[in-house]
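>>> This is a predicted model, with the sequence first.
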Amino acid sequence: MSTKKSTYILAIESSCDDTSVAVLHNDKVLSNVVANQEIHSKYGGVVPELASRAHQQNIVPVVHQALAKANIDKNELHAIAFTKGPGLMGSLLVGTSFAKSMAMALGLPLISVNHMQAHILAHFIDSKNQSKPPFPFLCLTISGGHTQIVKVTNYFSMEIIGETLDDAVGEAFDKSAKILGLSYPGGPLIDKYAQLGNPTAFEFTHPKTKNKLDFSFSGLKTGILRFIQKNIKESRDFGTDFIKENLNDICASIQYTIVSILMNKLKEASKQTGIKHIAIAGGVSANSGIRNALMNAEKQVGWKTYIPEFEYTTDNAAMIGIVGYYKFLDKQFEDLSVTASARMKIKLRKHQK
Ligand code: KG4
Ligand code: ZN
C-alpha cells in the first residue's frame, strides 16, 4: 500500500438515526457533520420510517455543510464512501442511493463500508491525542445493535471471538433507562446519573453463557425490571418514590454491573489469545464507566488500551471515511449495481465454537 498520494474522500453514514457526512484528506478528518434526529426520543426508540424520511431531508444540506467546512470543492474529491450495512434498510438506502448518484455524476470510484468495521477502524483516524493500536489487537465493539469481541489482525482481517446471544449492550442501557422512565437514548443519561451514585448500592446478577467470551443481557434487563417493580410497590406503601429517591444509586449499580460483565469477558479474551493491546469502539465506548475501567486495567493487568476520541464513538461518517481511505489505497471499489445490506456481516469469520 502506498500512502504518498494525496486523497480526498467524501463519506456518508446513514445506517440508523444519524445523517452524517465527512470529508477526509488521507487519514485526517477535515469535516465530520452529524445531523441527529430528535424526532425518535418521544417514541422511546428509533422509528424506521421516520428515520428514513429524516435522512432524505438531511442528506443534501449535510453534504453541502461537510464540503463547505472542509473547504473542498466536490471536483477535488477522489472517491465516495458510504455505509452499505448493517443497519435499517430504509435508512441505508438513502445514503447508498445518494452515494451512487454522486459517484456517477462526478465520475468517481465508489467504496462500500461495513458499519461495524468502521467503528473499529475509527482508531486509525489521525489524532493528536490518541495513538493507533498495533496489529493484532482486541476490540470490544459495543453499540446499540452489537456487542462483539473482535480479534483484529489487519485493516481487512477481523475475527469475531465472542458476541451477544440476545440484546446488545447499548440496548441493555437503553431498556434499563426506559424502565426508569428516562428518555431515549437512555445510555448517556444512565452514565450521567451513575457518576453521582454508589455503584455497589444494589446488586444485579451476572448472566452466564456457555462460551466464556459470549454475552447475554436479556436476563439482566428482566432482573432490573423485577427489582424496580418490587421496590416501587414496597415504597408506595410508605408513600415514597423509589426511583426518584434512588436514581443515582440505581444508575451507578446498573452501570457497574454492565461494565464488570464487559471487563470480565475482555480479560478472558486477553487470556485466551495472549493479546494485551485492547481497544473499544461503538457508541457505548463513550461511557465513562468502561473508559475508567480500561484505564485502570492499564495499571492492574498491564494492558495497553485504546479509547477512541469522543466524537468518533457514536455513529459518524469520519469512521466511514477512514475505511474508505484504506479501501481506496487497496483499490477495493464497487460498481453501480452495489446495494444496501441490512444484515451485512463484516468480512469477519465467525470463530468456530
Ligand atoms: O454506535 P451507536 O451510536 O449506534 C449504533 O450503531 O447502535 O451506539 C448507540 C448506543 C445507544 O444504545 C446509546 O444509548 C449508547 O450507544 N450510548 C451510551 C453512551 N453514549 C451512547 N451508553 C452508555 N453510556 C454512554 N455514555
Ligand atoms: Zn454504530
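Everything's here; your move. Ligands and ions are numbered 1, 2, ... in the order given.
>>> And the next helix or strand past whichever strand or helix holds Leu294?
According to DSSP states H and E, Leu294 maps onto helix 288-300. Downstream of helix 288-300, the next assigned helix or strand under DSSP H and E is strand 304-306.
>>> follow-up on the earlier one: can you give me the buried ones in the helix holding Leu294?
Within helix 288-300, the residues that count as buried by 16 or more other Cβ atoms under 10 Å are Gly289, Ile290, Arg291, Ala293, Leu294, Ala297. C-betas here are computed from N, CA, C, even on glycine.
>>> One more: stretch 74-82?
Applying 16+ other Cβ under 10 Å to stretch 74-82 flags Lys74, Leu77, His78, Ala79, Ile80, Ala81, Phe82 as buried.
>>> Let's have the residues you listed in a markdown table, adding pLDDT and distance to ligand 1.
A markdown table is the format used below for these (pLDDT from 0 to 100; distance: Cβ to the nearest ligand atom, whole Å):
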| residue | pLDDT | distance to ligand 1 |
| --- | --- | --- |
| Lys74 | 97 | 27 |
| Leu77 | 98 | 26 |
| His78 | 98 | 27 |
| Ala79 | 98 | 23 |
| Ile80 | 98 | 21 |
| Ala81 | 98 | 17 |
| Phe82 | 98 | 15 |
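>>> Just give me the neighbour total for Phe204.
19 (other Cβ atoms under 10 Å).
>>> so it touches Ala252, yeah?
No: the pair Phe204 and Ala252 does not pass the contact test of Cβ atoms under 8 Å, sitting 11.7 Å apart.
>>> Can you get me a residue count around the nearest residue to Ala286 once chain neighbours are set aside?
Nearest-residue entry for Ala286: Thr313, 4.4 Å, with adjacent residues in sequence omitted and distances by Cβ to Cβ, 6 or more residues apart in numbering. Neighbour count of Thr313, defined by other Cβ under 10 Å: 23.
>>> what does Glu203 give?
10.
>>> and it, what is it in contact with?
Applying Cβ atoms under 8 Å, 6 or more residues apart in numbering to Glu203 gives the contacts Ser253, Thr257.
>>> before we move on, back to that, list the ones among the buried residues of stretch 74-82 that fall in strands.
Ala79, Ile80, Ala81, Phe82 (DSSP state E).
>>> Excluding chain neighbours, what is closest to the last one?
I take that to be Phe82. Ala99 (3.5 Å).
>>> Okay, buried residues for the strand or helix carrying the one you found please.
Assigning secondary structure by DSSP H and E places Ala99 in helix 89-106. Neighbour-count burial for helix 89-106, counted by 16+ other Cβ under 10 Å, picks out 89-100, 102-103.
>>> Need the residues that contact that helix.
10, 12-17, 19, 48-49, 51-52, 55-56, 59, 63, 74-75, 77, 79-85, 108-110, 336, 338-342.
>>> And ligand 1, is that helix touching that?
No: Helix 89-106 lies out of reach of ligand 1 by Cβ under 6 Å from any ligand atom, never closer than 11.0 Å.
>>> May I have the helix or strand that that helix is followed by exported as CSV, CA atoms only?
Once the chain leaves helix 89-106, the next helix or strand it forms, by DSSP H and E, is strand 110-114. What follows is strand 110-114, C-alpha atoms only, in CSV (Å, rounded to 0.1, in the frame of the first residue of the first chain):
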residue,chain,number,x,y,z
LEU,A,110,-17.5,4.2,-5.2
ILE,A,111,-16.5,2.4,-1.9
SER,A,112,-18.8,0.4,0.3
VAL,A,113,-18.1,0.2,4.0
ASN,A,114,-19.3,-2.1,6.8
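>>> List, one by one, the residues from this protein near ligand 2.
Within the chain, the positions near ligand 2 by Cβ under 5 Å from the ion are Ser143, Asp315.
>>> in this protein, which helix or strand is least confident?
Using mean pLDDT, DSSP states H and E, strand 348-350 stands out as the lowest-scoring helix or strand of the chain, at a mean of 41.
>>> Wait, a strand at Leu10?
Yes: under DSSP: H, G, I helix; E, B strand; the rest coil, Leu10 sits within a strand.
>>> Pull up the gap between it and ligand 2, please.
19 Å (Cβ to the ion, to the nearest Å).
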